[in-house]
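Asker: Coordinates for the following, if possible.
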Amino acid sequence: MSCKQAHWHTPSPKTISHDTGLMVMNSLTRQKDKFVTMDGTRSLKWYMCGPTVYAPSHMGHARTYLGFDILRRILTRHFN
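Answerer: Numbers count the residues shown, from 1 in each chain. This is a model prediction of the structure:
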């Protein structure tokens with residue numbers, strides 16, 4: 001049984017005041033896309049959910065936070 005994916009809409013702000021030069025892998029389209037913020041500025045926001053704890057903690061829980069910490073550090077260097 002296959003699941004129908006939502007159509008991907010590339011962010012298209014009216015103006016781009018900060019070109020990051022970053023490319024990100026879009027897992028939905030399986031292509032590299034230019035990283036653009038929603039409003040084209042240096043303002044960046046994201047949501048990260050926590051682990052669903054149904055058993056004792058394990059390394060998989062830490063991996064989520066470690067991966068996002070690395071991503072945060074890279075983006076902090078680009079966006080100051």
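Asker: quick one, helices of the chain?
Answerer: Remark: helices assigned in the chain by DSSP state H are 59-79.
Asker: mind showing which ranges of it have poor pLDDT?
Answerer: Judged by pLDDT under 70, the chain has its weakly predicted residues at 1-2.
Asker: rerun at 80
Answerer: For the chain, applying pLDDT under 80 flags the ranges 1-12, 18-20, 44, 46-55, 57, 61, 78-80.
Asker: Find the residue at the geometric middle of it.
Answerer: residue 46 (7.2 Å; Cα atoms, centre = their mean).
Asker: okay, now residue 44: neighbour count?
Answerer: 16 (other Cβ atoms under 10 Å). Using the backbone N, CA and C atoms, a C-beta is placed for each residue, glycine as well.
Asker: list the contacts for it?
Answerer: 37, 75, 79 (Cβ atoms under 8 Å, 6 or more residues apart in numbering).
Asker: Could you give me the ChimeraX selection string for whichever of those residues are buried?
Answerer: Buried residues among those (16 or more other Cβ atoms under 10 Å), as a ChimeraX selection:
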select :37
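Asker: I'd like the distance between the residue nearest to the centre of the chain and residue 54.
Answerer: From residue 46 over to residue 54 the distance is 25 Å, taken as Cβ to Cβ, to the nearest Å.
Asker: all strands for this structure, in order.
Answerer: Taking DSSP state E as the criterion, the chain carries its strands at 23-26, 31-34.
Asker: Rebuild these as a markdown table, extending it with mean neighbour count and distance to residue 8.
Answerer: As requested, the strands of the chain are exported to a markdown table (neighbours: other Cβ atoms under 10 Å; distance: least, Cβ to Cβ, whole Å):
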| stretch | mean neighbour count | distance to residue 8 |
| --- | --- | --- |
| strand 23-26 | 11 | 7 |
| strand 31-34 | 12 | 9 |
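Asker: Appreciated, that's everything.
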